[in-house]
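Asker: structure, please.
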Amino acid sequence: MSPRPTPDFEGLLARLTNALNARAVPFMLIGGQAVLLHGDPRLTQDVDATLGAGPERLDDIIHVCREMGLEPLPDDLETFVRRTFVLPARDSATGLRVDFIFSTTPYEAQAIARAVLVPIGDADVPFATAEDLIIHKLFAGRPRDLEDAAGVVRRKGHELDWAYMREWVGRFSTAEGREDLPSLLDALEG
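Answerer: You can find the predicted model right below:
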């Protein structure tokens, strides 16, 4: 068995941006790729793209996958996406995973509109702002996510819009199991 080629994240991000733009699907990158932009560098083997679209746009995303040579991972795509709002796919050449996260919430629409455009290859790739990345990380709440959020604060704390983050974590703290979001943000602001 031959080794997989070294992943070309920059090429993948540019191709992903061009493919989603061609289908008029608004999006932004979150997760490890956005952490590399705003926080402490760390190894990541995937791409998380939050879409400003609901599962009704699944056919467009399947087209994007075909165009990019990405293999959707679930057997029953429609059922999986309706249930999870995520379409995980893998680049068969490199093994890189791309998760398409469907969303139609007002918060996500605003976050996508605020995204920071970073020139990569022949595309301006939209990344979540540092504030929106922190909000996503706090909401996810896993230890790795909380470490990522702290890394963003270490790197960009003096530039952050804390009032914006307090407003959104306050709104999200009304969801069951997310009541601690304001205290998590307070601990980061320290």
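
Asker: find the least confident helix or strand in this structure, judged by mean pLDDT.
Answerer: Every helix and strand in the chain was compared by mean pLDDT, DSSP states H and E; the lowest is helix 31-38, with a mean of 91.

Asker: can you give me the strands in the protein?
Answerer: Ranges of strands in the chain, per DSSP state E, are 27-30, 46-51, 70-72, 86-91, 97-102, 116-120, 123-127.

Asker: buried deepest among those, which one?
Answerer: strand 27-30 (a mean of 25; mean count of other Cβ atoms under 10 Å). To be clear about C-beta, it is placed using only N, CA and C from the backbone, and glycine gets the same treatment.

Asker: if we can go back for a sec, can I get the strands of the chain in JSON lines including mean pLDDT and distance to Arg154?
Answerer: As requested, the strands of the chain are exported to JSON lines (pLDDT from 0 to 100; distance: least, Cβ to Cβ, whole Å):
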{"stretch": "strand 27-30", "mean pLDDT": "97", "distance to Arg154": "19"}
{"stretch": "strand 46-51", "mean pLDDT": "95", "distance to Arg154": "21"}
{"stretch": "strand 70-72", "mean pLDDT": "97", "distance to Arg154": "34"}
{"stretch": "strand 86-91", "mean pLDDT": "96", "distance to Arg154": "29"}
{"stretch": "strand 97-102", "mean pLDDT": "97", "distance to Arg154": "26"}
{"stretch": "strand 116-120", "mean pLDDT": "97", "distance to Arg154": "18"}
{"stretch": "strand 123-127", "mean pLDDT": "97", "distance to Arg154": "18"}
